[in-house]
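**Q** Generate a structure from the sequence data that follows.
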Amino acid sequence: MPLDKRVVNVVVKRGVTLTVALVFIVLLTSVIIGVTGYDTKVLNALIEQRLQGLKQALQNRPNPPSSEEIAKIIESERERLRSIYGLDKPWYERLIPMTVRTFKLDLNVTSDDVAQIAGLRPPVEVKTAIGVTLPRTVIMITTAELLSMAIALPLGPYIAYKRGSRLDKGIIAYAALTNAVPIWWLAMIAIFIFGFRLEIAPTRYREIVSYFGMFGSNPLEAIKGVLYYAYLPILVTTFSFLGGWLYSVRAVAIRVVSEDFVVVAKAKGLPENMVVRKYILRVIAGPVVTFVILGLATSIQGFIITETIFDWPGMGSLYYQAILSADSPTILGLTYVTTLVYIIGRFILEILYVILDPRVKM
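**A** Here you go, the predicted structure:
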């Protein structure tokens, strides 16, 4: 069945809008680092890295040039690279090239402290550091989001259907508790009880880096190690997320429970499961999809304090260390990647809106 042209137009227009938003954010970030002089630091560091590689290559030749000749070659190459990267021009003339490099994540290497978070030996490129830490955040934060969603999506409408019951009151109290208690505080309590007292969980989690490196040589041992280090952070994070998810889905569904078509379905004596599934969950699909997509998109940013408490080497820890080290290339790269993921999530959401709500096509 061919796609409706109006649907295609809506999707294309919103895709273009989101793309423009992404470009604008990256341009704005480039303007900020240009005005503050951070782009000069980034480009100078990139040039020095390449010059260091050239110097080593010259010294490793069978008949290496003299020190004076190497110095002249290095100085000549430095001037050439400065011209190529536009360091002989004002910052606003470097704006577009800097933006393009950001899109390609061609942002030089991280600081040594940031490289330690990634678990790699310096020098480490920014895109490499982000690439190795992102899966760790997915394992801890995104997995917890998925588990919370899997529990809340079928249970939330049922709780709304049973409004005023003990289950409903218990969920409200649970949501209030998890909303009031910071997740990092729960993390400290969990480490103290399960790690130091019961000794059934690790007390430090940085060692998980070594197990990530085993997937190529010993995948079974790697999986066992990752599960051992990941289960407590995932459980704590899920416990914290679940209250908010249950309350949010309940709040959306409770508006539908009192609608006439649900009251009629109850009066007909239809089973509770059928009423919840066909008359409530289907109606709230749009708002629920919004929660799901945006929740998954924002989960890859990591949680700085929580990851610090667990000593978990994820995106939050990487961001925190980049800020402490004034590592502008890594900060810029992380900002771009998290914004890109959010924009992609929004685009998927717009497509799903068109599918789930025919009124969007108008």
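**Q** A71: how many residues sit nearby?
**A** 12 (other CB atoms under 10 Å). For glycine as for every other residue, the C-beta is placed from the backbone atoms N, C-alpha and C.
**Q** Does V354 touch K13 like I think?
**A** No: using CB atoms under 8 Å, V354 is not in contact with K13; the gap is 11.0 Å.
**Q** The two: which has the busier surroundings?
**A** Just comparing V354 and K13: by other CB under 10 Å the higher neighbour count belongs to V354, 20 against 11.
**Q** how much space between the more buried one and K55?
**A** V354 sits 56 Å away from K55, going by CB to CB, to the nearest Å.
**Q** Check F215 too.
**A** For F215 relative to K55 (CB to CB), the value is 35 Å.
**Q** Check the offset of the biggest helix by length in the chain from the chain's centre.
**A** For the chain, the longest helix by residue count, based on DSSP state H, is helix 219-257. Relative to its chain's centre, helix 219-257 lies at 16 Å (CA atoms, centre = their mean, to the nearest Å).
**Q** Name the residue closest to the centre of this protein, please.
**A** Central residue of the chain (CA atoms, centre = their mean): I300, 1.7 Å from the mean position.
**Q** other SSEs contacting the longest helix of the chain?
**A** helix 143-161, helix 166-180, helix 183-190, helix 208-212, helix 285-299, helix 304-310 (3 or more CB pairs under 8 Å, 6 or more residues apart in numbering; DSSP states H and E).
**Q** and with 7 Å instead?
**A** Here helix 219-257 touches helix 143-161, helix 166-180, helix 183-190, helix 208-212, helix 285-299, going by 3 or more CB pairs under 7 Å, 6 or more residues apart in numbering; DSSP states H and E.
**Q** I'd like the average pLDDT over the third one.
**A** Summarised as a single mean, pLDDT over helix 183-190 is 92.
**Q** so what secondary structure elements neighbour it?
**A** Counting by 3+ CB pairs under 7 Å, 6+ apart, helix 183-190 packs on helix 219-257, helix 304-310.
**Q** Looking at these, which is nearest to N179?
**A** Of all those, helix 219-257 sits nearest to N179, with 6.3 Å by CB to CB.
**Q** ok now the helix or strand just after the closest one, how far from the chain's centre?
**A** Per DSSP states H and E, the first helix or strand lying C-terminal to helix 219-257 is helix 260-267. Computed by CA atoms, centre = their mean, the chain-centroid distance of helix 260-267 equals 42 Å.
**Q** Next, the angle helix 143-161 makes with helix 260-267.
**A** Orientation of helix 260-267 against helix 143-161 (axes from the mean of the first three to the mean of the last three CA atoms, to 10 degrees) gives an angle of 70 degrees.
**Q** Could I get the buried residue list for helix 260-267?
**A** Going by neighbour count (16 or more other CB atoms under 10 Å), the buried part of helix 260-267 is V262, A265.
**Q** Go ahead and produce PDB holding the CA coordinates of that helix.
**A** Provided in PDB are the C-alpha atoms of helix 260-267 (Å, rounded to 0.1, in the frame of the first residue of the first chain):
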ATOM      1  CA  ASP A 260     -17.400   7.000  28.600                       C
ATOM      2  CA  PHE A 261     -16.100   4.200  26.400                       C
ATOM      3  CA  VAL A 262     -14.200   2.700  29.300                       C
ATOM      4  CA  VAL A 263     -17.300   3.000  31.600                       C
ATOM      5  CA  VAL A 264     -19.400   1.200  28.900                       C
ATOM      6  CA  ALA A 265     -16.800  -1.500  28.500                       C
ATOM      7  CA  LYS A 266     -16.900  -2.100  32.300                       C
ATOM      8  CA  ALA A 267     -20.700  -2.100  32.200                       C
END
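**Q** what pLDDT, on average, does it get?
**A** Here the average pLDDT along helix 260-267 is 71.
**Q** same thing with stretch 66-83?
**A** Rounded mean pLDDT across stretch 66-83 is 88.
**Q** neighbouring contacts of that stretch?
**A** Stretch 66-83 has contacts (CB atoms under 7 Å, 6 or more residues apart in numbering) with I47, R50, L51, L54, K55, L58, P65, D88.
**Q** quick one: low-confidence parts of this structure?
**A** 1-4, 6-7, 263, 272, 279, 356-362 (pLDDT under 70).
**Q** domains in it, as residue ranges please.
**A** Here the domain parsing of the chain from automatic domain parsing is 5-118, 127-361.
**Q** Could you identify which of these is most buried?
**A** domain 127-361 (a mean of 18; mean count of other CB atoms under 10 Å).
**Q** now it, how far from the chain's geometric center?
**A** That offset, for domain 127-361, works out to 12 Å (CA atoms, centre = their mean).
**Q** start the count at 584, not 1, going forward
**A** Sounds good: first residue 584 from here, last item domain 710-944.
**Q** sorry, back to before: please state the backbone phi and psi of the residue nearest to the centre of the chain?
**A** With angles defined as degrees, to the nearest 10, I883 sits at phi -70, psi -10.
**Q** From I608, how far off is it?
**A** For I883, the distance to I608 equals 16 Å [CB to CB].
**Q** again with I817
**A** 31 Å.
**Q** same question, I724
**A** Distance from I724 to I608, by CB to CB: 22 Å.
**Q** Contacts only, for the residue lying closest to V859 once chain neighbours are set aside.
**A** Excluding its sequence neighbours, the residue lying closest to V859 (CB to CB, 6 or more residues apart in numbering) is P740, at 4.8 Å. By CB under 7 Å, 6+ apart, the contact set of P740 is V832, A836, V859, I863, L864, I867.
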